[in-house]
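Student: Any chance you could fold what I've pasted below:
(5 chains)
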Amino acid sequence: MYGLGIAKGMIVTFKHLFRKPFTVQYPEEVVPRGSRFRGYEFTWYEDRCTGCASCAKYCPLGTINIVTHPEGDPKQGMDYAIDIFDIDTGRCMFCGLCVEACPYEAIQAGGPLDDATYDFESLYRDKHKLTEMAQEHLHGHDFTYPNGKQAPQPDEKPLHIGLPVERDRTR
Amino acid sequence: MLADYGYIGIYLLLATLIPVSMLLIPWALSFVGVKPHNPTPVKLETYESGMRTIGGSWIRFNFRYYYFALLFVIFDVEVVFLFPWAVYLDKLKLFGLIEMGIFILILMVGYAYAWRKKALEWS
Amino acid sequence: MDWFYELWPKLGEAFRGWLESALPDSIEGWVIYLVLGLLSMLVIVNLPIVGVMAMIYMERRLLGRFQNRLGPNRVGPFGILQPVADAIKIMTKEDIVPNGVDRIVFNIAPIVMLTPILLMFAVIPYGGDTFLTNLNVGILFIVAITAVDTIAIFMAGWSSNNKYALFGAMRAVAQLVSYEIPLLIAILGVVVITGTMNLNEIVAHQSSLPLILFQPLGFVIFFVAISAELNRSPFDLLEADSEIIAGFHTEYSGMKFGMFQLAEFAALMGYSAVIATLYLSGWEGPGLPGYLWLFVKVFFIFGIFVWTRATLPRLRIDQVMALAWKFLLPLSFLNVAITAVEVVVWENGLPEWLIPVNIVIGAGLVAIMHRGLNFQGQTRQVVPSGPERLAAINRPVGGGTE
Amino acid sequence: MTTQLDVEKLSKQIQQQFPDAVQDAQGDYILLKSDYLADVARYCHDTPALALHFLSSVTGVDYIDYFELVYHLVSFEHNHSIVLKTRAYGREDPHVPSLTGIWQGATLQEREVYDLMGIRFTGHPYLKRIFLWDTFQGHPHRKDFTGA
Amino acid sequence: MVKTNGDAKLTLKTEEVMVNIGPQHPSTHGVFRMRVTFDGEVVTELEPIFGYLHRGSEKLAEERTYTQVITLTDRLDYLASMSNNLAYVLAAEKLAGIQPPERAMYIRVIMAELMRIASHCMGLGFFINDLGALATPLMYMFREREKILDLFELVCGARITFSYMRIGGVSGDLPEEFMPALVKFINEMPGYIDEYEALLRENEILISRTKDIAILTAEKAINASVTGPMLRASGVPWDLRKSDPYEVYDRFDFDIPVGSTGDTYDRFLVRLEEMRESVLIVKQAMEQIPSGPFRALAPALIHPPVGEAYAHVEAPKGELGFYLVSDNSIAPYRCKIRAPSFINLTVLRDLIIGWKLADLVVIFGSFDINMGEVDR
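Tutor: Sure thing, here's the model as predicted:
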């Protein structure tokens, strides 16, 4: 019978009139994110980082800038001290390869959805800023890393809050 | 009855005034500085999916559309005849019915002819 | 509830009394008459503008619910101030007039579009004695005056010097003009039964039974034709967004664009009122004052328009034309013929047992006439699948562990 | 499972038809002389036993000394596939015959190779840049491309 | 304008009008551009113009390690990133001779089939949108796509650019909350497909707009290298999952929906039915999936031997192939992408000419192309 198909379709849409909306009203409700969520923020833990620069090598876009120098007593095994550890999250595409590359889980993906900034400069995060964000994350999440593991101890040390560093864009 | 048309006349003035004022209010707003006005050459280009237009659009367009306009004129005139008949059908009774039947029949012959000649197709 | 009925007349009387006492005696009575008339005109001319805001809100919310989302809900409680925000935004938007348009026609077109639509509200009866004018050719007046919109659309499309607008304008010429005829002839069925073109009398004629019962076929034709006239889905070819961007108003921005939208929705409101008046016994109804009944009916009909818009895809121009000329036109003539015969046979009003007969006749005629359209209604199978296969696909997987 | 055609057998078959067409046949591909490309392709397309009606992809590879054109052919009827290769020499005007006459599917792909690799397909009906604009200088997929 | 011709016939002279459809057009699915000549409403000439989204992915791949190229493949057909990942990873594994563990193959199949459902949801939704149905079916289909993206987010943490698959496996095992969520979704999905079918399949307007429109014959489709649902709608039962099974597709029981005429309606129906078959495959894969490692032991920087490899998968849009040439370095020497959307457009001009403006967008919509893949 002609017109039956249209009638069927009309019934389908009519049924939807009484269904609960699928959409979520964002600022009030937030969809729960999975534990592997590769968010708009990287947390980097200076105490775990050995300065091996695996992450920088893995990054397809080269957004990670890392400079180290050897340090410590040669008899006890040399360490690397990290001079510069910058992530230009403005260029980052959040592929998560650096997270996978890190053998010590020092850099981890995760973080909030609402991470808008007013200028590009603040998307460039140096090691002070990254540490600050990492500490903030730890304090806010019961000393759990974004990948779900427990941080060693809530340390009593004051947070590494660095002063804003003038940055040369040409570098 | 005539007073009704007078009302319509006054109402027409009002109904014209409102759209005109709707155009004028934004125009006035632009003096207050609420409404921006910064034309650029690209902004003032004719929109054609973001590309420069090729050729003008005031052209002799395919006349297929006008067939229907012509047919419309024919039928519209007939319908005007039908309305007074419809109002007085209860007084004209069978006579009116038969007469209008003949009238519509003639119309239908023309309609069938147009259909036959594929004037109603959109080729 | 009595005060409710009396509210507006009482208010009017009070205002009139205040005016009489306030004005010096030297001023003639006709001034009061004029002032009152102008005031009621102002009310009526603003009615579509305010109503359109309500309708836009309703359409967006309803569409949202049809589409399993919420719709506007941010501005004001439940988002009811959204149309107001939209109105303010559209007023303060930059008004871009592109190079190469025919400036005069381009600027006049929105006015030509909106004025007839506003005029239409002058003759609609809002209640037993609530109307601006009582024209004896009321329904004809409405159809005639709104037909001017075709010209406005063509003006807008042609003057824009834009090819998409040109397509829209050309389609307008073909489509709007074609659907005028089934529309008029469908109205003829009502006129034959009621014997008048006066809308008040048409409503009075339906005090016992709404005319949709005696004119089911006429109602369907009218509804389809009016969807096309108001270019509502599935006939929204003039502004088919997926094909010709925005059709005839592609180049319009700011308030001019807003006026096209306003006119479109106001026409929708007006014609919903006309449908209610012609077929659903207008303002008649138990319990509520007339104008409220009319608004209830208007919004009900509008809801159906939104529903179809939410469901149906768009037709193609040749199919739209075929629908008008090969389906609706003969059908509407048949409808008038059958109605005329019925009216002549039963001189003292149509008997009630004609209602099911008319519905059966209408359905039968639709079933016969649609063959002329060459519309294809047959579905097709693409995979040799049967109920077993579907059962295999639909079988639930249990567990959740590995 | 799509089977690889036996390269040796096929190359012998081709050599019977076109004696010096095959330059090399090893691994899973047949390297043809570019002059014979169109003929061999036509042969592969028309021979019922081969019935390679489907041209899957056309690829250009820049080996600095020469350009290699790789054609992946598939037969839906027999569910087998073969890779044809040919070489275009010279960096100024490398060219190979176009296969658009045999497979319509080659039109856009050959245009792409022409645009990005700069290999001219003789006999292509509409050989024009496809991704880049007409005034673009150079061919970006060449190994020596340094930027426009 | 009446003009007398040589043969004394009165004809009305009309002009043809040339219009740009795209790149800024609601129904060109991105930044595609067609320069179309109309006579009235009828298309008389059409020239597709590409390149507005050209990013040089193939060239970029030559400067990245094999693992880093995975992130490039995400951006090809961004509605079906998993399938792109899969195709590239297969090619790289073939090149380097790495065999992924069985569990990884099952995970990949599940991901690819979910991706197919999501991609077809978008393809059909926008196709109906081009028909003018004011986004209602699109919204319903978005709903299901969102659910699939939620699943993907559980697995890999991203919603569009997954970068989930790795050479030799996948980047992470299925998290424990994944399987219950998948069970819930996959049991609901057939009901949703039934809903789409009730809404669309028998709709007379849709049928009259699509049936017998733009018929693509089987011979022409094969000759023009058309693949995917378009090819199958033309009546060619060619699906790489059946005819050249990769991963573990040969272990599943599923059908290949094949159309009979090759018109727009068939292309629509084939996609609708393919969603059903994908549901079936996912269900079987869920029941069969073994436990074990999810990733083969492969070096971080692989140096494949000198050689070349071509691997193809049945992506939602058609045969997606990667042709990799290795020179034993850490980056591919040449990475060619056989993009189905791009090659399917070969027949665009032939199919559209002679139809009307309204058909143009519908036929184009039935191609279901993705500009990220067309321009690469």
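
Student: residues contacting the residue in chain A that chain E sits nearest to?
Tutor: With Cβ to the nearest Cβ, the shortest gap between chain A and chain E falls at A:Gly5, namely 3.1 Å. All C-beta atoms are positioned from the backbone trio N, CA, C, and that covers glycine. Residues counted as contacts of A:Gly5 (Cβ atoms under 8 Å, 6 or more residues apart in numbering or on different chains) are C:Gly377, C:Thr379, E:Arg201, E:Glu202, E:Asn203, E:Glu204, E:Leu206, E:Ile207.

Student: How about it, nearest residue that isn't a chain neighbour?
Tutor: E:Glu202 (3.1 Å; Cβ to Cβ, 6 or more residues apart in numbering or on different chains).

Student: closest to A:Val99 among the contacts of A:Gly5?
Tutor: A:Val99 lies nearest to E:Arg201 out of those, by Cβ to Cβ, at 44.9 Å.

Student: give the contact list for the nearest residue in space to the closest one that is not next to it in sequence.
Tutor: Leaving out its chain neighbours, the residue that sits closest to E:Arg201 by Cβ to Cβ, 6+ apart is C:Thr379, at 5.8 Å. C:Thr379 is in contact with A:Gly5, E:Arg201, E:Glu202, E:Ile207, counting by Cβ under 8 Å, 6+ apart.

Student: a strand runs through C:Thr379, doesn't it?
Tutor: No: under DSSP: H, G, I helix; E, B strand; the rest coil, C:Thr379 sits outside any strand and is assigned coil.

Student: ok, it to chain D distance?
Tutor: Using Cβ to the nearest Cβ, to the nearest Å, we find C:Thr379 at a distance of 28 Å from chain D.

Student: Would you tell me which strand is longest in chain A?
Tutor: If you go by DSSP state E, chain A has its longest strand at strand A:79-88.

Student: Name every strand pairing with the helix or strand bottoming out on mean pLDDT in chain A and say which way it goes.
Tutor: Lowest by mean pLDDT, DSSP states H and E among the helices and strands of chain A is strand A:41-44, with a mean of 72. Strand A:41-44 has these partner strands in its sheet, going by DSSP bridges: strand A:107-110 (antiparallel).

Student: Can you tell me what sits against the strand it pairs with?
Tutor: With contact meaning Cβ under 8 Å, 6+ apart, strand A:107-110 is reached by A:36-39, A:41-45, A:49, A:55, A:94, A:96, A:98-99, A:137, A:145-147, E:157.

Student: How about stretch C:50-59 and chain B, any contact?
Tutor: No: figure legend: stretch C:50-59 not in contact with chain B (Cβ under 8 Å from any Cβ of the partner chain); closest approach 12.3 Å.

Student: residues of that stretch that come out buried?
Tutor: For stretch C:50-59, burial by neighbour count (16 or more other Cβ atoms under 10 Å in any protein chain shown) applies to C:Gly51, C:Val52, C:Met53, C:Ala54, C:Met55, C:Ile56, C:Tyr57, C:Met58, C:Glu59.

Student: what pLDDT does the nearest residue to B:Gly96 once chain neighbours are set aside get?
Tutor: Sequence neighbours aside, B:Leu89 is the residue nearest to B:Gly96 in space, at 5.3 Å (criterion: Cβ to Cβ, 6+ apart). Note on B:Leu89: pLDDT of 79.

Student: cool, and C:Tyr5?
Tutor: According to the prediction, C:Tyr5 has pLDDT 61.

Student: what about residue 47, how many neighbours?
Tutor: Because you didn't say which chain, this covers chain A. Around A:Asp47 sit 12 other residues, with neighbours defined as other Cβ atoms under 10 Å in any protein chain shown.

Student: actually it's chain C I care about, not the one you picked
Tutor: 20.

Student: Give the other helices and strands that the helix or strand encompassing it contacts.
Tutor: Applying DSSP states H and E as the criterion places C:Leu47 in helix C:29-66. For helix C:29-66, the packing partners by 3 or more Cβ pairs under 8 Å, 6 or more residues apart in numbering or on different chains; DSSP states H and E come out as helix A:4-16, helix B:2-32, helix C:2-22, helix C:82-91, helix C:103-120, helix C:254-279, helix C:290-311.

Student: What separation do you get for whatever residue of chain D ends up closest to chain C and C:Ala204?
Tutor: Nearest to chain C, among the residues of chain D, is D:Phe76, at 18.5 Å (Cβ to the nearest Cβ). In this view, D:Phe76 and C:Ala204 are 74 Å apart by Cβ to Cβ, to the nearest Å.

Student: Could you tell me which ranges of the chain sit under the pLDDT cut-off?
Tutor: Going with chain A. Counting by pLDDT under 70, chain A contains low-confidence ranges at A:1-2, A:40-41, A:77, A:111-112, A:143, A:146-171.

Student: You answered for a different chain; I wanted chain D.
Tutor: Looking at chain D by pLDDT under 70, you get D:148.

Student: what's the weakest-modelled helix or strand in chain E?
Tutor: strand E:2-4 (a mean of 43).

Student: Am I right that E:Tyr310 is in a helix?
Tutor: No: counting by three-state DSSP, E:Tyr310 is not part of a helix but strand.

Student: Beta-bridge partners for it, please?
Tutor: For E:Tyr310, the beta-bridge partners under DSSP bridges are E:Tyr323.

Student: try the one 4 residues further on
Tutor: Per DSSP bridges, the residues bridged to E:Glu314 are E:Glu319.

Student: how close does D:Thr59 sit to E:Ala80?
Tutor: The spacing between D:Thr59 and E:Ala80, counted by Cβ to Cβ, is 22 Å.

Student: For chain B, which residue gets nearest to chain C?
Tutor: For chain B and chain C, the shortest gap (Cβ to the nearest Cβ) falls at B:Trp122, measuring 3.4 Å.

Student: residue contacts, that residue?
Tutor: Going by Cβ under 8 Å, 6+ apart, B:Trp122 touches B:Arg64, C:Ile317, C:Asp318, C:Met321, C:Ala322, E:Glu41.

Student: likewise E:His312?
Tutor: With Cβ under 8 Å, 6+ apart, E:His312 has these contacts: D:Ser56, E:Ala87, E:Leu240, E:Asp244, E:Tyr246, E:Glu319, E:Leu320, E:Gly321, E:Phe322, E:Arg338.

Student: Excluding sequence neighbours, find me the nearest residue to residue 60.
Tutor: I'll assume chain A. Nearest residue to A:Pro60, sequence neighbours excluded (Cβ to Cβ, 6+ apart): E:Gln68, at 3.9 Å.

Student: actually it's chain E I care about, not the one you picked
Tutor: Nearest in space to E:Leu60, with sequence neighbours left out and distances taken as Cβ to Cβ, 6+ apart, is E:Leu72 at 5.8 Å.
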